[in-house]
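*Asks:* Using only what follows, build the 3D model:
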Amino acid sequence: MIDGPHAIFFDMDGTILDWQSGMEQSWRAACETHRDGAHTPEQVHDAIRARRGWFWADPDRAYRGRMGLHGASREIVRLAFSDLGRDDITVAHSLADDYRSLRDAAIAPYPGAIETLDAIRARGIPMALITNGEARNQRRSVQKHALERYFDCIVIEGEFGCGKPDERVFRHALQALGCAPAHTWMVGDNFDADIVTPHRLGMHTVWVDASGADVPPDAPLRPHRIIASIAELL
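*Replies:* Numbering: from 1, shown residues only. Sure, this is the predicted structure:
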């Protein structure tokens, strides 16, 4: 690891926990379980995927969705069913609930993520976890993967009252750890939520660009460092 950080802040989903792998498989499995004969599981999955894109593209819906993932999944499936001319809300909700169960079970740390946290903790570097989302769901993920032992400060949007990119979130973590922005790293995969505000506050920003997409051409800044996974911090 490069010498220098007095503290490191991490995002959780998409940075430590792999929340994307298995997503489509979970949707397909739920669609297969609830096949009705009128539409193939592939047709239902396609309709859901289209509605998912529509739902999460809007910032207001996205906020509402991440603050209530089960409700968001149910709404997406209801709308997908409507697009297919189906009005069986009970089946739509059952399919969405099955998806969420499968999805939650499939989420796991990225390869090398826990080892990286172990190594940083062994070096005595304080860490904070800053994650957006509904309090109960995010706290459950923290507990399921035993992440509390690594972090001196955990800031969850649904508990704190606001989330990234609001600068109050980062200032709170800085104050909790008693560290200056110039000596603190922020590591995350969401450019707008995890990188822009910390960069403006004077923190050392490390963007996790797993897809290799590189910085958007209209981005207001360039992170100090770009990595494919947090294992590269070591």
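*Asks:* got the contact list for Lys121?
*Replies:* In this structure residue 121 is Arg, not Lys. The contact partners of Arg121, by C-beta atoms under 8 Å, 6 or more residues apart in numbering, come to 127, 149-150. (C-beta placed from N, C-alpha, C; glycine too.)
*Asks:* and those residues, which are buried?
*Replies:* The neighbour-count test (16 or more other C-beta atoms under 10 Å) marks 127, 150 as buried among the contacts of Arg121.
*Asks:* Show me which positions of stretch 114-127 end up buried.
*Replies:* Neighbour-count burial for stretch 114-127 [16+ other C-beta under 10 Å]: 114, 116-117, 120, 126-127.
*Asks:* In the residues you listed, find the pair that's most separated.
*Replies:* By the measure C-beta to C-beta, Ile114 and Pro126 form the most distant pair in the buried residues of stretch 114-127, at 17.7 Å.
*Asks:* any idea how far the residue lying closest to Ile16 once chain neighbours are set aside is from Ala146?
*Replies:* Nearest residue to Ile16, sequence neighbours excluded (C-beta to C-beta, 6 or more residues apart in numbering): Ala113, at 4.9 Å. Going from Ala113 to Ala146 by C-beta to C-beta, to the nearest Å gives 12 Å.
*Asks:* Ile156 too?
*Replies:* 16 Å.
*Asks:* So for those two, which sits in the more crowded spot?
*Replies:* Set Ile156 next to Ala146 and count neighbours by other C-beta atoms under 10 Å: Ile156 wins out with 22 against 10.
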